[in-house]
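S.K.: pasting the sequence and the predicted coordinates here, then a few questions.
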Amino acid sequence: MIILNFSHPLSENQIRQIETLTPHKVEQVIDLPAQFDNDLAYAPQVRRLADHIPLDSETLQTARILVNPPALNFITAMLLAELHGRMGFFPPIIRLRPEPESMPPAFEVFEIINLQHIREEARKTRGNK
């Protein structure tokens, strides 16, 4: 499995937690920090960020890819839309949560969220209301 990491570096412990939550071994972590200029439009910055993913189109569409999204919600929403366009589906994402009472603050992998499954389930509700 390949992790596209658009956030803080993942620790070895977090990678082990990911491997515990999925049936796949993490083969590669690609760090792509999302540092944006707030004085410029986000859409072109998201496109440039996605352009820096060192995977070809076929790999993006066929490999097991997991995304650690950026912390800023606007960038995450736009990036997931961009990735959907390039991949043909929504990739699963990592949800981190603060470890209770950790000093300094530390984060653990809490769950893997299957966005494509959420989308497919939501489509079933269209026209039901």
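M.R.: Good, I have the coordinates.
S.K.: so where does the closest residue to Pro69 other than its chain neighbours fall, helix or strand?
M.R.: The spatially closest residue to Pro69, leaving aside those adjacent along the chain, is Thr76, at 4.3 Å (C-beta to C-beta, 6 or more residues apart in numbering). Bear in mind the C-beta positions are built from the backbone N, C-alpha and C, glycine included. Per DSSP states H and E, Thr76 falls inside helix 73-87.
S.K.: residues in contact with the helix or strand following that helix?
M.R.: Per DSSP H and E, the first helix or strand lying C-terminal to helix 73-87 is strand 93-98. Strand 93-98 is touched from outside by 3, 14, 18, 66-69, 80, 105-113, 115, with contacts defined as C-beta atoms under 8 Å, 6 or more residues apart in numbering.
S.K.: which SSE is the most centrally placed residue in the chain in?
M.R.: Residue closest to the average C-alpha location in the chain (C-alpha atoms, centre = their mean): Val67, at 2.3 Å. Using DSSP H and E, Val67 maps to strand 65-68.
S.K.: what packs against that strand?
M.R.: In this structure, strand 65-68 packs against strand 2-5, helix 73-87, strand 93-98, with contacts taken as 3 or more C-beta pairs under 8 Å, 6 or more residues apart in numbering; DSSP states H and E.
S.K.: neighbours of Asp31, how many?
M.R.: When neighbours are counted by other C-beta atoms under 10 Å, Asp31 registers 13.
S.K.: an error on my part: the question was meant for Arg95.
M.R.: 14.
S.K.: what does Ile2 give?
M.R.: Using other C-beta under 10 Å: Ile2 sits among 20 other residues.
S.K.: could you do the one 4 residues further on as well?
M.R.: Taking other C-beta under 10 Å as the criterion, the count of residues near Phe6 is 24.
S.K.: tell me the spacing between it and Ile53.
M.R.: Distance of Phe6 to Ile53, computed by C-beta to C-beta, to the nearest Å: 10 Å.
S.K.: do the same with Pro91
M.R.: 11 Å.
S.K.: between these two, which one's more packed in?
M.R.: Taking neighbours as other C-beta under 10 Å, Pro91 and Ile53 compare with Pro91 leading, 21 against 18.
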